[in-house]
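Visitor: No sequence on hand, only this structure:
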C-alpha cells in the first residue's frame, strides 16, 4: 500500500473530484503531467532551472497524477526518468559541479535530497510501473546511495539551517519507502534538531523564503514519518515550525499583478536578503500545517488555512511551475 496516497485519501479525492476547487486542481495536475510527459527527459525549452532543481517537483507531480488517473504516457515518462536517475553516476547524485565532490566519504547536498524524495515518492505512488528488477534497482539506489549521502552530510555539518531540514527530508523519505527502521533513531534526533532552528515565536534566522524552504523539508520529513510510523505522532514537534505562520501572516502585504509576470495577482511580502518580495508560503506547507498542527496549535493551523485561501487561490496554471522547491 502507498504511504503517500492511502485508500481513504484516494476515496476523499474521488468524492470531491467534481466540485471546486478540487476539480480544477485535478484537471490542471493531469494536464501539467501530460504536457511534461510529451518530452522524454525532465527538462525542456520552457524549464528555467537545471534538472536537479525541478526533478522532485516534476516527478512527484507526475506520480500523483498517475496514481489518480493512470495515463499511460505519464506512466512511461515516470518509469523512464526514475530508472534513468538511478543509473546516473555518483557525481550526479552529489550535485552540480560547484558542490563538494572530493569528500571521503562522499557528502550529499540539496540536489541529493531532491533526487532522493523524487525517486522514493514516485516509486511509492506508482509501484505497478516497475518490474521486480526495476524495483530492486530503485531500492538499492535509495539504500546504498540516497540514504548514506544524506546522512553523511547531516553527520558532518554543524550549522542549523534550511539545508539540514532538506537533507533530513531526503533521508526520511528514502528510509520510509524502503522501511529502513535502522535509520529511525537518527532521523528522530535530527528532526528534533531541525525544529530547534525556529524561535519560540515561530521566526527564523533567515528570510521568509528560506524559512519556507526549511518548513518544506520538515513537512516532507514529518509526512513520511507519520505515514511510515503513525505511533510517532506525539513525538514530532510540528508546532515548532507551525508557529512560523504568525511571522508569515504578519509579513504578507497584498496580491497584485507584477509587470512581466502575467495577469495573475502575485503575493507580496516583507522579505529580505537574496529572496523575492513576490512571496507566499508553499501551498503544500500551508495544507500540511492546517491539518497536522490542528491539535498542537489550532490558531496557527487556522492561520495557515487563511493564508492558503487568501494568498494562494485556485489559479493553478500560473507560471512558473519549476521553482516550487
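Guide: That came in fine, so what should we check first? None of these values were measured; they are calculated from a predicted model.
Visitor: Could you report the pLDDT at the closest residue in space to residue 270 that isn't next to it in sequence?
Guide: In this structure, residue 270 finds its nearest non-sequential neighbour in residue 251, 4.5 Å apart by C-beta to C-beta, 6 or more residues apart in numbering. Where you see a C-beta, it was placed from the backbone N, CA and C, and this is true even at glycine. The per-residue pLDDT reported for residue 251 equals 94.
Visitor: quick one: residue 251 from residue 224, how far?
Guide: Plainly put, residue 251 is 28 Å away from residue 224 if you go by C-beta to C-beta, to the nearest Å.
Visitor: Pick out whichever of the two has more residues nearby.
Guide: Comparing residue 251 with residue 224 by other C-beta atoms under 10 Å, the one with more neighbours is residue 224, at 26 against 19.
Visitor: Residue 172 is in contact with the more buried one, correct?
Guide: Yes. Between residue 224 and residue 172 there is a contact at 4.5 Å, judged by C-beta atoms under 8 Å.
Visitor: I am assuming residue 83 contacts residue 137, so please confirm or correct that.
Guide: Yes. Judged on C-beta under 8 Å, residue 83 makes contact with residue 137 at a distance of 6.6 Å.
Visitor: Sketch out the low-pLDDT regions of this protein for me.
Guide: Scanning the chain for pLDDT under 70 picks out the ranges 314-325.
Visitor: can you give me the strands for it?
Guide: Taking DSSP state E as the criterion, the chain contains strands spanning 252-256, 266-269.
Visitor: got a markdown table for those strands, with distance to residue 312 too?
Guide: A markdown table is the format used below for those (distance: least, C-beta to C-beta, whole Å):
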| stretch | distance to residue 312 |
| --- | --- |
| strand 252-256 | 9 |
| strand 266-269 | 8 |
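Visitor: Turn those strands into CSV, including distance to residue 207 and mean neighbour count.
Guide: Below are those laid out as CSV (distance: least, C-beta to C-beta, whole Å; neighbours: other C-beta atoms under 10 Å):
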stretch, distance to residue 207, mean neighbour count
strand 252-256, 14, 13
strand 266-269, 10, 20
